[in-house]
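1. no sequence on hand, only this structure:
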């Protein structure tokens, strides 16, 4: 308390105004989410009424009903989950193994490989989507799960991040296991991975969130509706002649739910992951 | 740092390393290095995505871009969004961070989590929520405008307003991130600096300009570059806001949108690749700056 006084002086009015501003900005930030949830509970007439109704007339769950009984929406949800989970598992697997090898082993071309990986961290996917599409389409992988996940199954950042973390592990640990006759795979699975659970969790959450929100690549590589992910499918909930906002917002709630849940359960991990990279979105 | 040396490496080591390095390196070549290289090569050809014909045309694609009014528009839109979204989200982040710094209670932690929520959610649903708020007939914003006696704004179909709609969404999505990075920066400032300033009788403002501001400069530069790199790739809000039903057909071009449209809808790969190369060079330059700043930190 005394420390705070030293920094901020005794200016109570100033800090009260500051708090007011903070609360105001938090409310502005929160409002779109509340509006989304409220709108998802409204009937079509209510979403199209002027003046807008602040609260729905009754608890109206038909929009969610519509979403879940939509011909394709459950499929979009499944596709998004399936693709994001696959990408996360494969990319994390690659990151921890190569990160470990780069941190603890020597092999010819190691420096070159590491610098090449580092260089690709900064190159945005947007700058090479065209050739990427040429490759995927020449392999006849458009409209397939493999085609959708292919560009994301290795993560340059993930490899870099895991290498940094693996370097802090003492060599004696690996040597000791070796003397005990443990094979490399055994050492890696039984000793190294368990020691890295928190960095692996941070990376997994980050890669899952990035995969979940990917929009450009699925837009390019998928044209069949049953292969759409949520990000694409949501935009198709807009009808040709009018927008049923209640239904669109219900779709948004469902699409955000897994992210909300992860954030709720593992806020510090998520924040750490996002802070490290600055990426996402 | 100690490394396991070659001489210690036995057959099991070699197998382990090879089993990890070879497949991942191949995959890297295949989905990173080769496509990136091809992006450069493509940019010197006149090439069609479907017909697969190609004619070498030197720098023609680049000169064509500079004469293409859609590219120029996409560039100016991108720079507009980048400038204002960066300015607004970074200053709001700094403001919020200085308000909540060193005051930690339940309310503030809750507020911080809320401010971080837009950062983690996906861009498409985020944009859709705002699209309803911006809607000409049923949107909340135009309703409030009419209440205040102002004319309704055509946020989704008038490019002069759409620019701002994209800025608002982008800013909203990034404030929480910037606040968090600034908080880390503020916490890293040694308290002794403030204490000795207090002994010298320095006031609040003086302390801010003499201590906080210069100490925070590297963090500020870092945040600025990170945000610029993010916003220069703006795409999703532009697409989601200006396409779909009720669209006048006038889309809001950004650089990535231009690449997408030229490459995949018009199928002119050469031209799209030239635009990609320009984007890539811009981002690489910015990243280089960021790395220099990070090293200074």
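-> Perfect, I can see it now. Fair warning: this is a prediction, and the values are worked out from it, not measured in the lab. Numbering: from 1, shown residues only, chains lettered A, B, ... in the order given.

2. in contact with residue A:82, which residues?
-> residue A:145 (C-beta atoms under 8 Å, 6 or more residues apart in numbering or on different chains). (Glycine included, C-beta is placed from N, CA and C.)

3. lowest average confidence, helix or strand, in the chain?
-> The chain I'm using is chain A. helix A:2-8 (a mean of 47; mean pLDDT, DSSP states H and E).

4. right idea, wrong chain: chain B
-> For chain B, judged by mean pLDDT, DSSP H and E, that is helix B:204-207, with a mean of 79.

5. now do the buried residues in that one.
-> Residues of helix B:204-207 classed as buried: residue B:207 (neighbour count, 16 or more other C-beta atoms under 10 Å in any protein chain shown).

6. so that helix, near chain A or not?
-> Yes: in terms of C-beta under 8 Å from any C-beta of the partner chain, part of helix B:204-207 sits within range of chain A, namely B:204, B:207.

7. and the next helix or strand after that helix, what does it pack against?
-> As assigned by DSSP states H and E, the chain's next helix or strand after helix B:204-207 is helix B:213-231. Contacts defined by 3 or more C-beta pairs under 8 Å, 6 or more residues apart in numbering or on different chains; DSSP states H and E place helix B:213-231 against helix B:69-100, helix B:159-187, helix B:269-296.

8. quick check: which ranges of the stretch 101-250 of chain B have low pLDDT?
-> Scanning the stretch 101-250 of chain B with the threshold set as pLDDT under 70 gives B:102, B:245-248.

9. now the helices and strands packed on helix B:213-231 as CSV including distance to chain A and mean neighbour count?
-> Output for the helices and strands packed on helix B:213-231, formatted as CSV (distance: least, C-beta to the nearest C-beta, whole Å; neighbours: other C-beta atoms under 10 Å in any protein chain shown):
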stretch, distance to chain A, mean neighbour count
helix B:69-100, 4, 20
helix B:159-187, 6, 22
helix B:269-296, 4, 19
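
10. could those go into TSV alongside distance to residue A:226?
-> Output for the helices and strands packed on helix B:213-231, formatted as TSV (distance: least, C-beta to C-beta, whole Å):
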stretch	distance to residue A:226
helix B:69-100	32
helix B:159-187	30
helix B:269-296	28
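
11. quick one on the thing from earlier: and the least confident helix or strand of chain B, what does it pack onto?
-> The contact analysis (3+ C-beta pairs under 8 Å, 6+ apart) places helix B:204-207 against helix B:191-199.

12. if we go to 7 Å?
-> With contacts defined as 3 or more C-beta pairs under 7 Å, 6 or more residues apart in numbering or on different chains; DSSP states H and E, helix B:204-207 has no helix or strand neighbours.

13. and the nearest residue to residue B:89 once chain neighbours are set aside, how far is that from residue B:240?
-> Residue nearest to residue B:89 in three dimensions, not counting chain neighbours: residue B:174, with 4.1 Å by C-beta to C-beta, 6 or more residues apart in numbering or on different chains. Distance, residue B:174 to residue B:240, by C-beta to C-beta, to the nearest Å: 17 Å.

14. and the next element down the chain from the least confident helix or strand of chain A?
-> Following helix A:2-8 in sequence, per DSSP H and E, is helix A:12-40.

15. so which bits of that next one are buried?
-> Neighbour counts over helix A:12-40 (16+ other C-beta under 10 Å) mark A:18-19, A:22, A:25-26, A:29, A:32-33, A:35-40 as buried.

16. out of these, who's near chain B?
-> Residues of the buried residues of helix A:12-40 in contact with chain B (C-beta under 7 Å from any C-beta of the partner chain): A:18, A:19, A:22, A:25, A:26, A:29, A:32, A:33, A:35, A:36, A:39.

17. how about these in JSON lines, adding pLDDT?
-> Listed next are these as JSON lines, based on pLDDT from 0 to 100:
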{"residue": "A:18", "pLDDT": "86"}
{"residue": "A:19", "pLDDT": "88"}
{"residue": "A:22", "pLDDT": "92"}
{"residue": "A:25", "pLDDT": "93"}
{"residue": "A:26", "pLDDT": "95"}
{"residue": "A:29", "pLDDT": "94"}
{"residue": "A:32", "pLDDT": "96"}
{"residue": "A:33", "pLDDT": "97"}
{"residue": "A:35", "pLDDT": "95"}
{"residue": "A:36", "pLDDT": "95"}
{"residue": "A:39", "pLDDT": "92"}
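
18. and which of those residues is nearest residue B:209?
-> residue A:18 (17.6 Å; C-beta to C-beta).

19. excluding its backbone neighbours, what's nearest the closest one?
-> residue B:99 is the one closest to residue A:18 (C-beta to C-beta, 6+ apart), at 4.1 Å.

20. which residues touch the one you found?
-> A:18, A:19, A:21, A:22 (C-beta atoms under 7 Å, 6 or more residues apart in numbering or on different chains).

21. mind putting those residues into TSV with distance to residue B:141?
-> Shown next, in TSV, are the contacts of residue B:99 (distance: C-beta to C-beta, whole Å):
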residue	distance to residue B:141
A:18	27
A:19	27
A:21	22
A:22	23
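
22. now, the most widely separated pair of those residues?
-> A:19 and A:21 (7.3 Å).

23. can you classify residue B:47 as helix, strand or coil?
-> strand (DSSP: H, G, I helix; E, B strand; the rest coil).

24. I misspoke; the intended subject was residue A:54.
-> Three-state assignment for residue A:54 (three-state DSSP): coil.

25. per-residue pLDDT of it, please?
-> At residue A:54, the model reports a pLDDT of 78.

26. run a quick neighbour tally on it.
-> Neighbour count of residue A:54, defined by other C-beta atoms under 10 Å in any protein chain shown: 8.

27. distance check, the residue nearest to it when sequence neighbours are not counted against chain B.
-> In this structure, residue A:54 finds its nearest non-sequential neighbour in residue A:38, 7.5 Å apart by C-beta to C-beta, 6+ apart. From residue A:38 across to chain B, the span is 11 Å (C-beta to the nearest C-beta, to the nearest Å).

28. what's in contact with stretch B:240-256?
-> So stretch B:240-256 is in contact with A:126, A:235, A:238-243, B:70, B:73-75, B:77-78, B:81, B:124, B:127-128, B:131, B:156-157, B:159, B:162, B:165-166, B:232-235, B:238, B:257, B:275, B:279, going by C-beta under 7 Å, 6+ apart.

29. cool, and stretch A:48-60?
-> The contact list for stretch A:48-60 (C-beta under 7 Å, 6+ apart) reads A:38, A:41, A:42, A:43, A:46, B:138, B:140, B:143.

30. which of those residues has the most neighbours?
-> Among the contacts of stretch A:48-60, residue A:42 has the most neighbours (other C-beta under 10 Å), with 24 neighbours.

31. can I assume that one is in contact with residue A:246?
-> Yes: with contact defined as C-beta atoms under 7 Å, residue A:42 and residue A:246 form a contacting pair (4.9 Å).
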